[in-house]
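Undergrad: Please work out how this folds:
(one chain, ligands or ions: 1)
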Amino acid sequence: MSLIEQAKQKAAFQAVDEHVLPSHRVIGVGSGSTVVHVVARLLQRDPELNAKTVFIPTSFQSRGLLLDGGLTVGDVEQYPNIDVTIDGADEVDSQLNAIKGGGAAHLQEKVVAEAAKKFVIVADYRKDSKVLGEQWTKGVPVEVVPFAWKAVLKKLQEQGSKNANLRMAVAKAGPVVTDNGNFIIDAPFGLIHDPAKVLKDIKLLTGVVEVGLFCNMAEVAYFGCEDGSVTIRTK
Ligand SMILES: O=C[C@H](O)[C@H](O)[C@H](O)COP(=O)(O)O
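TA: I've put the predicted structure just below:
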């Protein structure tokens, strides 16, 4: 396993061990490569405990991980009160604000995180920043309804993101289409010193469904470090 993968695993295992309690019955599960280790740790729990628990996925990917593991899945319509949600991030700042959506899953992720009593982030050392935009330079992921993409792109450029661009698919002609049938615009804003304002300004644009800025949401973040340790940042 590579150093980065080991770091992801360490952070994920420790976060599950410290935040998924035997009394919990509804657990939110984020998306991405770090969450693979979250699910692996959940599967190491007492099977009787898992049998009494419902897991709320945040994407096609995390639903598949849970189903493949034989876990029971539900949704926020059935379970609007989630005990804890654990998710990855593309970058986290010193105040625990995060950029998410590198995998285009941030809409469902935000809903599931907001429905939880506690939101926990797991990541490797490359995601740990003072200010958003230091390391994640691809931009803020913005999910937009398809017919509005050009209009939103123009507005984002007017808001200062000159290099905002429509995310294109790799093994498909045309744009990435999200699990919700929408498009993604990646909008770089350089260093983001006031993420809550950037979030608000983008969210007010007509046609925007959700913005991959998670402000004041996480209670704690676990970063797996290069030396095998885990750094824990709390609010
Ligand atoms: O859309 C994807 C999600 O926000 C992921 O949680 C985020 O991109 C981090 O993914 P990874 O753990 O693969 O770096």
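
Undergrad: Next, the contact list for Val16, please.
TA: Val38, Arg41, Leu42, Ile86 (Cβ atoms under 8 Å, 6 or more residues apart in numbering). All C-beta spots, glycine's among them, are computed from the backbone N, C-alpha and C.

Undergrad: Inside strands: which ones of the residues you listed?
TA: Applying DSSP state E to those, the entries found in strands are Ile86.

Undergrad: I'd like the contacts of Val16 written out as JSON lines, with pLDDT and distance to the ligand added.
TA: Shown next, in JSON lines, are the contacts of Val16 (pLDDT from 0 to 100; distance: Cβ to the nearest ligand atom, whole Å):
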{"residue": "Val38", "pLDDT": "98", "distance to the ligand": "10"}
{"residue": "Arg41", "pLDDT": "98", "distance to the ligand": "14"}
{"residue": "Leu42", "pLDDT": "98", "distance to the ligand": "16"}
{"residue": "Ile86", "pLDDT": "98", "distance to the ligand": "10"}
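
Undergrad: from the contacts of Val16, which single one is nearest Asn216?
TA: Ile86 (17.7 Å; Cβ to Cβ).

Undergrad: residues near the closest one, how many?
TA: 28 (other Cβ atoms under 10 Å).

Undergrad: State the next helix or strand along the chain beyond the top helix by length along the chain.
TA: The residue-count maximum for a helix in the chain (DSSP state H) belongs to helix 3-19. Where DSSP states H and E defines the elements, the next helix or strand beyond helix 3-19 is strand 26-29.

Undergrad: does the ligand sit close to that next one?
TA: No - residues of strand 26-29 are not located near the ligand by Cβ under 6 Å from any ligand atom, the shortest gap being 10.5 Å.

Undergrad: residues making contact with that strand?
TA: Applying Cβ under 8 Å, 6+ apart, the external contacts of strand 26-29 come out as 20, 35, 38-39, 42, 53-58, 62, 65-66, 74, 79, 81-87, 112-113, 115-116.

Undergrad: Mind checking which of those land in helices?
TA: Using DSSP H, the contacts of strand 26-29 in helices are Val35, Val38, Val39, Leu42, Ser62, Leu65, Leu66, Val112, Ala113.
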